[in-house]
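Engineer: everything below, folded, please.
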Amino acid sequence: MGTENMFLKIRLLLLALFHLRSQPSPPVLLKRYSYKDIKKATDGFRRVFENSSQEASYKAKFQNGRVGVVREVKLLDEDDDSFSKEVRLLGRLHHRHIVALYGFSTGPRRFLVFENMERGSLKEHLSDPLKTPLNWRTRLKIAVGIAAAVEYLQFFCDPPVYRVSISSSTIMLDENFTPKISGISLSGASEHNATASSRCPKECREEGVIFQLGLLILELITGQSSDKGGVDLAEWVQEPRFLRSIHKMIDPDLGNTYDPRELNGLLNVARLCIRSVDETRIYTPQILWYLQKKIGITRK
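Structural biologist: Numbers count the residues shown, from 1 in each chain. Now for the predicted structure:
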């Protein structure tokens, strides 16, 4: 145990030194689309993915054949300069498990153009009976992939990124079931993101993202969500006798295909993420190390 703690301390120290010495990423050449381009690519905004008071998403196909997702950002409190600054920050994010930003459009209506994720959201595959159920190995790789993305956002980005919404609804899957975070918000854009407030201390924002990561792991295990009056997964996993009810909570779609040792390891990670405020805090590198070394999950 002492060797493990020493290894984790060294890893955290190296990450901190890397962050201090790292230079900002070079400017990214994002394509600037006209309103006419966006309207034509979305068939007059008729290819709707979702629509809310804060943003709307559309499937888009551009003249060069590129297929993407157009997100209209409805931020009333930001001018064009602030919006452009945020776009540049988003454009510098390059990670295998983060949805890539292709371009943007400004004017009376503001749009972001992202890569298309062929298999839709993780939530669809956990809750839609018409979707092929995700097997155990795929779920494990989703957990470690998203943990790696969170480590990148917090330790390898300058400035660190904490305005992240992590749940089965914001994790998208490509044709190979590679998971990618789509819930990286512009200022104030996510009503569900408790980490977005600039008044919240850095530690509070870090822990907010880690808490969300713990909930995501529980969603992968149970196939359930705490949204909209569902089971309170955070409350369940912190119950002293929660182990007695695990068999009732495991996603029935998994059958008996999961490894009990891996399941217990994943539950331990979730409990560490969703711990009481008076307990010792955990960092993303520790979570990633535990998933990779203790449980033995690898990314391909």
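Engineer: where does the stretch 201-300 of the chain have low pLDDT?
Structural biologist: Applying pLDDT under 70 to the stretch 201-300 of the chain picks out residues 201-203, 226-231, 276-280, 294, 296-300.
Engineer: should've said the stretch 51-200 of the chain
Structural biologist: Low-confidence regions of the stretch 51-200 of the chain, defined by pLDDT under 70, span residues 52-54, 75-79, 186-200.
Engineer: which residues in it form helices?
Structural biologist: Secondary structure of the stretch 51-200 of the chain (DSSP state H, counting those that start in this stretch): helices at 80-91, 122-127, 136-155.
Engineer: around Arg71, count how many other residues there are.
Structural biologist: For Arg71, the tally of surrounding residues (other Cβ atoms under 10 Å) stands at 23. Backbone N, C-alpha and C define where each C-beta goes, glycine included.
Engineer: apologies, that question was intended for Ser127.
Structural biologist: Neighbours of Ser127 (other Cβ under 10 Å): 15.
Engineer: next: the one 4 residues further on.
Structural biologist: The local packing count at Lys131 equals 14, with neighbours defined by other Cβ under 10 Å.
Engineer: Ile282 now?
Structural biologist: So Ile282, with other Cβ under 10 Å, has 19 neighbours.
Engineer: ok, now Arg139?
Structural biologist: Residues near Arg139, counting by other Cβ under 10 Å: 26.
Engineer: quick check: phi and psi at the nearest residue to it once chain neighbours are set aside.
Structural biologist: Excluding the flanking residues, the one nearest Arg139 by Cβ to Cβ, 6 or more residues apart in numbering is Leu220, at 4.4 Å. Main-chain dihedrals, Leu220, degrees, to the nearest 10: phi -60, psi -40.
Engineer: contact partners for Leu220?
Structural biologist: Going by Cβ atoms under 8 Å, 6 or more residues apart in numbering, Leu220 touches 126, 134, 139, 142-143, 168, 266.
Engineer: what is the burial count for the residue lying closest to Arg47 once chain neighbours are set aside?
Structural biologist: For Arg47, ignoring the flanking residues on the chain, the nearest one in space by Cβ to Cβ, 6+ apart is Lys59 at 4.1 Å. Lys59 is flanked by 16 other residues according to other Cβ under 10 Å.
Engineer: ok, what's across the strand from Lys59?
Structural biologist: As for beta bridges, Lys59 partners with Val69 under DSSP bridges.
Engineer: ok, now which ones touch it?
Structural biologist: 42, 47, 49, 67, 69-70, 116 are the contacts of Lys59 under Cβ under 8 Å, 6+ apart.
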